[in-house]
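K.L.:
Need the 3D shape of this:
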Amino acid sequence: MARALLLVDLSKDFVYPDGALNCGEAGLGVIPYCRSLVKEFVETGDLIIDARDLHDPEDYEIASGLFPPHNLRHSEGQKLIDELREELNGHEEKYVYIAKKHYNACQGTDLFNIIRQYHITEIHVAGVCTDICVRYTVNGLYDFKTTEHPDLQIVVHREGVASFNEAGHQESLQHFPRVFGAKVV
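P.N.:
Below you'll find the predicted structure:
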């Protein structure tokens with residue numbers, strides 16, 4: 001069985017207090033757990049996939065005013081948080097970065113091809129926001145599982161996900177196993 005860790009939007013803009021669209025204390029709270037997950041996956045030689053928003057000012061969610069400018073191309077805020085970059089330093093051979101424009105890291109990216117290429121049968125998910133990008137990504141993984149890859153196991157790490165919306169966060173944690181058959185650990 002090949003495993004992968006999928007990090008969703010663990011950028012400076014989403015996690016750090018001075019980030020353009022941060023998750024507040026909840027976002028900061030996932031850092032130690034996500035760091036330990038990255039360390040575990042590095043030590044076992046499993047793949048780490050880093051899916052982060054990469055926006056331009058004309059992208060719909062920014063230009064429409066739906067969300068303030070965040071994760072802008074070439075900005076400091078778009079970068080992976082320092083704590084995870086430190087854990088990945090020197091282990092780039094098992095690290096893949098995916099730039100995404102949508103909530104769903106499966107939409108318009110090579111995520112499914114990466115899963116196929118590395119023969120991934122178990123994908124672990126951590127990141128922000130639980131009720132937006134994590135949820136839509138788990139939905140995308142569920143769709144892939146049901147149409148092409150029925151042996152794919154989806155695991156969401158409760159201590160590794162957060163949102164600025166506590167009610168949405170809690171509802172999503174219940175939704176993942178009930179609707180997508182994902183395991184929440």
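K.L.:
C-alpha only now, for contacts and for neighbours.
P.N.:
Will do.
K.L.:
List the contacts of the closest residue to Lys101 other than its chain neighbours.
P.N.:
Nearest residue to Lys101, sequence neighbours excluded (CA to CA, 6 or more residues apart in numbering): Asp53, at 5.6 Å. Asp53 is in contact with 9, 71, 78, 99-102, counting by CA atoms under 8 Å, 6 or more residues apart in numbering.
K.L.:
Break down the protein into its helices, ranges please.
P.N.:
12-15, 24-29, 31-44, 60-63, 82-88, 111-117, 135-147, 166-180 (DSSP state H).
K.L.:
Can you name every helix or strand that the first one contacts?
P.N.:
I take that to be helix 12-15. helix 24-29 (3 or more CA pairs under 8 Å, 6 or more residues apart in numbering; DSSP states H and E).
K.L.:
could you redo the last one with a cut-off of 10 Å?
P.N.:
Counting by 3 or more CA pairs under 10 Å, 6 or more residues apart in numbering; DSSP states H and E, the packing neighbours recorded for helix 12-15 are helix 24-29, strand 47-53, strand 120-128.
K.L.:
Could you list the paired strands of the longest one along with their orientation?
P.N.:
Strand pairing for strand 120-128, using DSSP bridges, gives strand 2-8 (parallel), strand 153-162 (parallel).
K.L.:
Sweet, I'm off.
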